[in-house]
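# Got a sequence here, can you model it:
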Amino acid sequence: MNLPLDFDTAEPWQTIVKIALAVAAVYAIAVVGLFVKGDFLGGGFLLVFGLTFSAVLRRVRRVSMGAVGRLTASAVTVHPVRVWGFSLNVPSGEFPLSEFEAVALVERVVVLPTWRALGDSGTVQLMGRPGTPNIDVMTGDIDAARPFAEELSAALNLELNSLTAPGQTIRRYKV
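Below you'll find the model as predicted:
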């Protein structure tokens, strides 16, 4: 493994946030449009629904949204990420490698009812000691993440842990 290593695991979250903000803008325009037309019942209903939904979305901000930064032989530097003025929940700062206790391979298994696994993914993380955040260094197919985690563990001289995250079952319905 060649160090320094630049990584960006926040890119999928940036796309998700852009889509969510675009939907929110269209929703806000619909609410204002209903009030301007004089449809206060419809506008009020959409407004109450939107406020309730936004309360649910605030919980999503607690989820780690990847990281963007650079890994060297001695430290990890991660940068804040903003999308259209909104900050993503990513770690930020410079952390010496001595603050990390292991490299973790987090496997997520997706099972289809057709008796075959499809879409199994893996995230390679630097597991921080207490007070240091876990930092996602790579996310991808499990077959690519596994060797990457092994190489990273050897290059940084950190223990390799394998974890399994709750997966999901995708159901396909015949129409």
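
# My guess is residue 1 contacts residue 152. True?
Yes. Look at residue 1 against residue 152 with Cβ atoms under 8 Å: they come within range, at 6.1 Å. No exception for glycine: its C-beta is placed from N, CA and C like everyone else's.

# Those two: who's more crowded?
Between residue 1 and residue 152, counted using other Cβ atoms under 10 Å, residue 152 has the larger neighbour count: 22 against 12.

# That one: helix or strand, and which one exactly?
helix 142-156 (DSSP states H and E).

# same question, residue 14
For residue 14, the host element (DSSP H and E) is helix 11-37.

# Just want the angle from the helix or strand following that helix to helix 11-37.
As assigned by DSSP H and E, the chain's next helix or strand after helix 11-37 is helix 40-60. On the basis of axes from the mean of the first three to the mean of the last three Cα atoms, to 10 degrees, helix 40-60 is oriented at 160 degrees to helix 11-37.

# Not counting its neighbours along the chain, what's nearest residue 57?
Closest residue in space to residue 57, ignoring its immediate chain neighbours: residue 20 at 7.6 Å, by Cβ to Cβ, 6 or more residues apart in numbering.
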